[in-house]
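[1] Quick one, what's the 3D model for this:
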Amino acid sequence: MNDPIKVLMVDDEKKFRDTTKKLLDRRGFLTIMAESGKEAIDMLKENPDVIILDIKMPGMDGHEALKEIRRLSPKTPVIMLTGHGDFASAREAHDEGAFDYLSKPCNIDVLSAKIMEAFQYGMKEGHPEEKKVRDIMIPIEDYTKLNLAQTVKDAILELKRSFTLKVSTSKIMETGHRSMLVFNRRGEVKGILTIKDLLTAIMPGYLSAPKPSMADSIQYSPMFWSGMFTKEVKVLINRRVDEIMSPAPLTIDANSNLMEASYMMVANKAKRLVVMSEGKVVGMIREQDLFFEIERIQRGVW
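    Presented below is the predicted three-dimensional model:
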């Protein structure tokens, strides 16, 4: 297995450094940290592959630190973090030799993709090998999981937790996945539960049943709908997950090409695929993961 990409995160806010390290380490990076531009210069002896550098810091700011980094380690790509809308500062960073910049707040998936781009830029000449599914998937450890016997109430709480525990600060954010994989006791994926499944499950059967010709005018009156949502949710929460879940997503091997993943999604009208490696579930690849890769390629970053 290849050594992890070593990322030097430079920021004066300890909470941000600690949180970002946790998120990046979960995605397979090796993250080291510095709290100032001066400390970042000293940390160059650790030979980081990529540097994430905040612009606004006390003492030596990001621009000053970038100039010194470029002098001492000109081949190390530097990604700058700049305030939203601060285009002048971003242009200055680019002119000073920064690989790229990101506006705050920054989505952790976008930051991870940018680190991969910077690493490839720094390590390879010309066009690097095209990424595989394993390179852009969401690791299964980061995906919300349920078992067949859990109730819908359990599922709602877990899905809410996946949102509320995601990080959102002035500089970085992480969003929930809006779906949950359902496993049996043997660790096999048996289904998936999405928000759409929850909405479908609260629909009373009589809404789709044949009705008299005059029923349309009654159905769409305010009185008809009144209280229906609350009533159906209270009934739904006691049902088991396996009663309302959708079938398990299609699977794809972690070493598959991205075009194969794209084809499977398009041909099967699927929004996500379960990623397998040596017979085990190792992750999920979603539409948005492929979109980020499309966006990267259109910018000409190889």
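[2] May I ask which helix or strand encompasses the closest residue to residue 34 other than its chain neighbours?
    Leaving aside its sequence neighbours, residue 34 sits nearest to residue 40 (CB to CB, 6 or more residues apart in numbering; 4.2 Å). Heads up, the C-betas are built off the backbone N, CA and C, glycines and all. Using DSSP states H and E, residue 40 sits within helix 37-42.
[3] list the helices and strands that helix packs on?
    If contacts are counted by 3 or more CB pairs under 8 Å, 6 or more residues apart in numbering; DSSP states H and E, helix 37-42 sits against strand 6-10, strand 50-54, helix 62-72.
[4] what's the most buried one of these?
    When you average the neighbours per residue for each of the helices and strands packed on helix 37-42 (mean count of other CB atoms under 10 Å), strand 50-54 leads with a mean of 26.
[5] With residue 98 as the reference, measure out to residue 20.
    Residue 20 sits 18 Å away from residue 98, taking CB to CB, to the nearest Å as the criterion.
[6] go on, residue 119?
    Counting by CB to CB, the gap from residue 119 to residue 98 is 15 Å.
[7] With residue 41 instead?
    Residue 41 is 16 Å from residue 98, by CB to CB.
[8] cool, residue 249 as well?
    Using CB to CB, residue 249 is found at 39 Å from residue 98.
[9] One more: residue 89?
    10 Å.
[10] Identify, among the helices and strands of the protein, the element with the weakest mean pLDDT.
    In the chain, no helix or strand scores lower on mean pLDDT, DSSP states H and E than strand 172-173, which sits at a mean of 55.
[11] and the residue most central in space within the chain, which of the three is it?
    By CA atoms, centre = their mean, the chain has its centre lying nearest to residue 109, at 4.2 Å. Secondary structure assignment for residue 109 (DSSP: H, G, I helix; E, B strand; the rest coil): helix.
[12] And the pLDDT at it?
    We note a pLDDT of 85 for residue 109 in this prediction.
[13] pretty sure it contacts residue 292?
    Yes: counting by CB atoms under 8 Å, residue 109 touches residue 292, with 6.5 Å between them.
[14] end-to-end on stretch 27-42?
    Start and end residues of stretch 27-42 are separated by 26 Å (CA to CA, to the nearest Å).
[15] Do a quick rundown of the strands in the stretch 151-300 of the chain.
    All strands of the stretch 151-300 of the chain, identified by DSSP state E, counting those that start in this stretch, fall at 172-173, 179-183, 189-194, 246-247, 251-253, 272-277, 280-286.
[16] by contact count, what packs against the second one?
    Using 3+ CB pairs under 8 Å, 6+ apart as the contact definition, the elements that strand 179-183 packs against are strand 145-147, helix 152-164, strand 189-194.
[17] what does the shortest one rub up against?
    Identification of contacts with strand 145-147 by CB atoms under 8 Å, 6 or more residues apart in numbering yields 154-155, 158, 180-185, 193, 241.
[18] Give the pairing partners of that strand; include direction for each.
    strand 179-183 (parallel) (DSSP bridges).
[19] Now stretch 240-258: buried residues?
    Buried residues in stretch 240-258, counted by 16 or more other CB atoms under 10 Å: 241-242, 244-245, 248-249, 252-254, 256, 258.
[20] quick one on the thing from earlier: which of residue 89 and residue 98 has more neighbours?
    The residue with more neighbours, out of residue 89 and residue 98, is residue 98; 24 against 18, by other CB atoms under 10 Å.
[21] you'd agree that one is in a strand?
    No: assessed with three-state DSSP, residue 98 is coil; it does not lie in a strand.
[22] Quick check: it touching residue 82?
    No: between residue 98 and residue 82 there is no contact, the gap being 9.6 Å when judged by CB under 8 Å.
[23] For residue 121, grab the count of nearby residues.
    The number of residues packed near residue 121 is 17, by other CB under 10 Å.
[24] what about the stretch 151-300 of the chain, any weak spots by pLDDT?
    Applying pLDDT under 70 to the stretch 151-300 of the chain flags the ranges 164-176, 211-220, 299-300.
[25] hmm, 90 instead?
    Within the stretch 151-300 of the chain, the stretches with pLDDT under 90 are 158-179, 186-187, 204-226, 288, 292-300.
[26] rewinding a little: do you know how far the residue nearest to the centre of the chain is from residue 72?
    Distance check for residue 109 against residue 72: by CB to CB, it reads 31 Å.
[27] Helix, strand, or coil at residue 3?
    Three-state call for residue 3 (three-state DSSP): coil.
[28] contacting residues around the nearest residue to it once chain neighbours are set aside?
    Of all residues not flanking residue 3 in the chain, residue 30 sits nearest, at 7.9 Å (CB to CB, 6+ apart). Contact analysis of residue 30 by CB under 8 Å, 6+ apart lists 3-7.
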